[in-house]
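Undergrad: fold the following.
(one chain, ligands or ions: 2)
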Amino acid sequence: MKKSRDTPGSPMIDARHIGPPTRRAFLVGAASALGAAAAHALLAPWPGRAADVPVDPTRVPGAPATDYGRRSTFEHARRLATPQRSRTPLQALHGIVTPSALHFERHHNGVPFIDPARHRLLIHGLVTRPLILTMDELKQFPSTSRLAFVECAGNGGREWQGPAGVTVQDTHGLTSVSEWTGVPLATVLREAGLRPEASWMLAEGSDAAAMTRSLPLARMDTALLCYAQNGEPLRPEQGYPLRLLVPGWEGNTCIKWLRRLKLVSAPRMTREETAKYTDLMPDGAARQFTFEMDAKSVITAPSGGQRVRKPGYVEIRGLAWSGRGRVGQVDVSVDGGRSWRVAQLQTPVLPACHTRFRLDWRWDGREAVLQSRCTDETGYRQPARRELVALRGVNSYYHYNAIQSWKIDERGDVHNVQV
Ligand SMILES: Nc1nc2c(c(=O)[nH]1)N[C@H]1C(S)=C(S)[C@@H](COP(=O)(O)O)O[C@H]1N2
Ligand SMILES: [Mo]
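TA: Ligands and ions are numbered 1, 2, ... in the order given. Below you'll find the model as predicted:
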């Protein structure tokens with residue numbers, strides 16, 4: 001961190017730019033003179049504390065332009081973090097894009113610190129021309145952008161054993177949407193030249209977990225080697241400087257901090273496709289290589305931990321998605337699944353992407369159980385919990401996509417329930 005308060009482009013607030021001196025400006029000036037304390041000023045909310053809001057903002061010149069933006073002092077939505085994951089606050093989002101700073105995170109041994117100038121992608125194994133590519137070389141290939149969700153296979157995993165999460169962030173916060181930019185995997189593989197025996201690909205990350213997965217080449221047609229997210233380079237948490245994106249597939253196939261692709265003739269049975277990310281069925285067999293995330297939906301408002309303040313109009317809002325394509329229809333129930341109404345879908349409705357849905361409702365002040373169910377364009381319908389459990393038992397941790405129920409009690413408080 002630079003110590004001078006005259007650092008060009010510093011986003012610090014300087015008393016010279018904001019007219020009449022305020023207590024805030026005085027404090028910031030004093031802090032920056034202290035050098036080390038300048039670091040604190042740089043992290044301070046924009047452009048000051050709530051207590052310093054002028055009575056009449058038209059009477060005071062506003063804050064100067066800054067080199068990298070921050071959100072308003074009054075906005076506090078945040079990821080809920082434990083060391084190896086953080087969850088997106090779906091209840092606080094509008095539309096379908098997740099702000100990069102709120103994209104959920106999952107890492108098996110921390111976020112590595114990587115210099116993009118020294119990063120390389122090695123492509124070897126069953127290829128005719130092994131390649132070592134720099135980031136600059138990767139960016140020279142024809143590029144493409146698309147919106148897509150990344151969802152952890154463990155999203156909702158705790159709900160297998162009963163209602164566990166309080167909020168929708170707890171129950172569904174391991175899914176997020178970005179606009180991803182990169183080069184199609186197929187383009188780079190063509191450059192390397194596939195040998196006829198090549199049928200699988202081992203993808204490896206350069207984090208301390210060296211996360212590795214086997215992926216079938218025949219189904220990699222939409223896979224992207226991504227270097228950008230929502231218009232800027234990937235965030236470190238999302239795999240900077242390079243990640244694999246397999247749209248619609250379980251998040252663990254989207255190897256971050258990607259450093260190696262080895263073309264092979266059979267899956268390598270890594271930890272992440274044997275001990276992890278498999279589902280134990282009631283008969284003792286395990287599902288493996290399930291890949292696509294099944295259709296899912298959830299009501300984000302009103303949702304767990306919120307309160308419906310009074311009887312009357314409520315816009316029911318939520319998100320629906322499918323790893324197999326577009327959302328076809330979303331139905332909403334306010335009586336625990338006895339009757340259903342078709343929700344309105346907000347365009348665009350994109351494959352392997354969250355779709356926003358809405359339904360007008362009048363709450364009569366009596367207990368209600370809200371549910372949503374997604375049918376995707378393949379005709380697959382999101383199962384009720386009892387349908388899912390009848391098929392899969394309760395030995396699984398991953399791939400839970402049952403209909404979520406939110407109970408509104410007579411006070412208006414919303415609770416996670418299973419009906
Ligand atoms: N190299 C590497 N890639 C990784 C992981 C990891 O730990 N290391 N975690 C995976 C898992 S389990 C998920 S769900 C997604 C999460 O992507 P995100 O953190 O960008 O949301 O990254 C995947 N890619
Ligand atoms: Mo994951």
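Undergrad: leaving aside the residues next to it on the chain, what's closest to the closest residue to ligand 2 within the stretch 101-250 of the chain?
TA: At 3.3 Å from ligand 2, residue 152 is the closest residue in the stretch 101-250 of the chain, using C-beta to the ion. The C-beta positions use only the backbone N, C-alpha and C, and glycine is treated the same way. Using C-beta to C-beta, 6 or more residues apart in numbering and skipping the chain neighbours, the partner closest in space to residue 152 is residue 174 (3.8 Å).
Undergrad: number of residues surrounding the one you found?
TA: The local packing of residue 174 (other C-beta atoms under 10 Å) involves 24 other residues.
Undergrad: right, and it touches residue 87 too?
TA: Yes. Taking C-beta atoms under 8 Å as the contact criterion, residue 174 and residue 87 are neighbours in contact, 6.0 Å apart.
Undergrad: what about the strands in the stretch 251-400 of the chain?
TA: In the stretch 251-400 of the chain, the segments counted as strands under DSSP state E, counting those that start in this stretch are 258-264, 279-280, 286-287, 296-301, 312-321, 327-333, 341-342, 344-345, 355-363, 368-376.
Undergrad: leaving out chain neighbours, which residue sits closest to the closest residue to ligand 2 within the stretch 251-400 of the chain?
TA: Ranking the residues of the stretch 251-400 of the chain by distance to ligand 2 (C-beta to the ion) places residue 251 first, at 4.2 Å. Once flanking residues are discounted, residue 251 sits nearest to residue 152: 4.4 Å by C-beta to C-beta, 6+ apart.
Undergrad: does that neighbour really touch residue 175, like I thought?
TA: Yes. With contact defined as C-beta under 8 Å, residue 152 and residue 175 form a contacting pair (7.2 Å).
Undergrad: near ligand 2, which residues of this protein?
TA: Proximity of the chain to ligand 2, by C-beta under 5 Å from the ion, involves residues 106, 152, 251-252.
Undergrad: that's a helix at residue 218, yeah?
TA: Yes. Secondary structure assignment places residue 218 in a helix (DSSP: H, G, I helix; E, B strand; the rest coil).
Undergrad: got the contact list for the residue nearest to residue 404 when sequence neighbours are not counted?
TA: Nearest residue to residue 404 in three dimensions, chain neighbours excluded: residue 298, at 4.9 Å (C-beta to C-beta, 6+ apart). Residue 298 makes contact with 90, 168, 171-172, 318-320, 372, 404, according to C-beta atoms under 8 Å, 6 or more residues apart in numbering.
Undergrad: swap in residue 87?
TA: Taking C-beta under 8 Å, 6+ apart as the criterion, residue 87 is in contact with 79-81, 104, 169-170, 173-174.
Undergrad: swap in 10 Å and give it another go.
TA: In this structure, residue 87 makes contact with 78-81, 102, 104-106, 152, 155, 165, 167-176, judged by C-beta atoms under 10 Å, 6 or more residues apart in numbering.
Undergrad: leaving out chain neighbours, which residue sits closest to it?
TA: What sits nearest to residue 87 in space, not counting adjacent residues and going by C-beta to C-beta, 6+ apart, is residue 173, at 2.9 Å.
Undergrad: that neighbour reaches residue 155, doesn't it?
TA: Yes. At 7.6 Å, residue 173 and residue 155 qualify as touching, with contact defined as C-beta atoms under 10 Å.
Undergrad: any shared contact partners between these two?
TA: Any residue near both residue 173 and residue 155 by C-beta under 10 Å, 6+ apart counts here, and that gives 87-88, 104, 298.
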